[in-house]
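Student: predicted model, plus sequence, below.
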Amino acid sequence: MKNKSFAGLLLPRILIFIVLAINLQCALAYIFNPLPYTAPFELSGVPGRAAVVGMGILFVMWQVPYIFALIHPLRNFRSLIEALLMQAIGLVGEAMLRRSIPLEHGSLRSAILRFIIFDVAGLFLLILAGALAYRLLKNSTGGYHAD
């Protein structure tokens, strides 16, 4: 049973891991090398650096549900749903934010568009992971029992 459970959880874990890895890569780049990201956000100097590092810290904080979902997508199915909702909220919020920025701020709009693209891809992967995990939950007899 343990091998069957592991095999069934492998694809959802891989999908969650991909999203988590991309999100953490972005976060760590913002934290440890913020200066290349200040100009696209039309920021500069110490305040710009602090704003980008702060965004990186927030990105790390937001990954907590993704980590629990990765550890065990069935036992922590709620965390998977939370991660999926967070990804969707980010996508909607970024799209609304981008629409509110005038066209003459092209580099800022492009920076936000990159977030939108990543969030669309991440949302798709999390929906797929959630659907696979949900199917495993529904197909288990008498509920899921972790081995």
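Tutor: Everything's here; your move.
Student: can you tell me the closest non-neighbouring residue to residue 52?
Tutor: Leaving aside its sequence neighbours, residue 52 sits nearest to residue 34 (CB to CB, 6 or more residues apart in numbering; 3.8 Å). Every residue, glycine included, has its C-beta placed from N, CA and C.
Student: quick check, pLDDT for that neighbour.
Tutor: Looking at residue 34, its pLDDT is 97.
Student: residues in contact with it?
Tutor: Each residue near residue 34 by CB atoms under 8 Å, 6 or more residues apart in numbering is listed here: 48, 49, 52, 53, 56.
Student: the third one contacts residue 41, correct?
Tutor: Yes - assessed by CB atoms under 8 Å, residue 52 is found in contact with residue 41 at 6.9 Å.
Student: neighbour count for those two, which is higher?
Tutor: Neighbour totals were compared for residue 52 and residue 41, and residue 52 leads with 22 against 17 (other CB atoms under 10 Å).
Student: in terms of secondary structure, what does the helix or strand hosting the more buried one contact?
Tutor: Applying DSSP states H and E as the criterion places residue 52 in helix 45-61. With contacts taken as 3 or more CB pairs under 8 Å, 6 or more residues apart in numbering; DSSP states H and E, helix 45-61 sits against helix 2-32, helix 35-38.
Student: which among those helices is found nearest to residue 78?
Tutor: Among these, the nearest to residue 78 by CB to CB is helix 2-32 (13.7 Å).
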